[in-house]
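Undergrad: One predicted model, sequence on top.
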Amino acid sequence: MNENKIILPSTIVSPTDIARLVREVETVDDYFRQIEIRGQEKTAPRMSKLLDSTIAANQLSIEDSASRDRIVQGLQTVQASAPIMHISFSVDPPGSHVQSLVTWLRKNIDSNVLVTVGLQPNIGAGCVVRTTNKIFDLSLREYFTSKRDFFTKKLHDSLQESTPDQSETTQSQVVVTNGVST
């Protein structure tokens, strides 16, 4: 295993999570250095679930300075080189759905892929996926747009079937307005 390579747990989803983790590990590193300078007993500070899951996934110890350095270097490598996908939904998806999506992407696309989630209420249903060089519009809006001619033809056909022929106007269909027939 590459010394700078770390395993990202599925709870780490976005570039923001990576930046937050780097800051947290640096804060913990400062805490341990201060304790060492004071000569106090080493006790691990309270950490976030993201950091706990990262430490567990990589089988490292937060109390070890080399492990902390490895985590920071690995996270910075991921931050600099990981592919980033932006996925827009019409409503905010639950965190568990985003995590399962990230798990699938890391298994099938790239082990370090990061996902940012956005909202576009006008897409109706589905999603829009953007990468650095491609856009995949998998929305209901795009589907309806691509089938516009089909829907227009069907609507036109159904309107023609439901309205009587204009040449067959009878006396009962003449409209009387204010005593004047038209």
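TA: Structure received.

Undergrad: Quick check: phi and psi at residue 132.
TA: phi -70, psi -30 (degrees, to the nearest 10).

Undergrad: same thing with the one 4 residues further on?
TA: In terms of degrees, to the nearest 10, the main-chain angles of residue 136 are phi -120, psi 110.

Undergrad: if I look at it, how far off is residue 117?
TA: 15 Å (C-beta to C-beta, to the nearest Å). C-beta here means a position set from N, CA and C on the backbone, and glycine is covered the same way.

Undergrad: what does stretch 81-99 contact?
TA: For stretch 81-99, contacts defined as C-beta atoms under 8 Å, 6 or more residues apart in numbering pick out 10-11, 13, 15, 18, 101, 105, 109-110, 112-132, 139.

Undergrad: in this structure, which spans are strands?
TA: 84-89, 114-119, 126-130, 135-139, 176-177, 180-181 (DSSP state E).

Undergrad: Could you give the average pLDDT over the fifth one?
TA: If I follow you right, that is strand 176-177. Averaging pLDDT along strand 176-177 yields 52.

Undergrad: same question, the second one
TA: Here strand 114-119 scores 90 as its mean pLDDT.

Undergrad: relative to strand 126-130, how tilted is that strand?
TA: 130 degrees (axes from the mean of the first three to the mean of the last three C-alpha atoms, to 10 degrees).

Undergrad: picking that back up, out of the strands of the chain, nearest to residue 43?
TA: strand 114-119 (32.6 Å; C-beta to C-beta).

Undergrad: strands paired with the closest one, and their directions?
TA: strand 84-89 (parallel) (DSSP bridges).

Undergrad: If you count neighbours, what's buried in the partner strand?
TA: 85-89 (16 or more other C-beta atoms under 10 Å).

Undergrad: Excluding sequence neighbours, find me the nearest residue to residue 118.
TA: residue 88 (4.2 Å; C-beta to C-beta, 6 or more residues apart in numbering).
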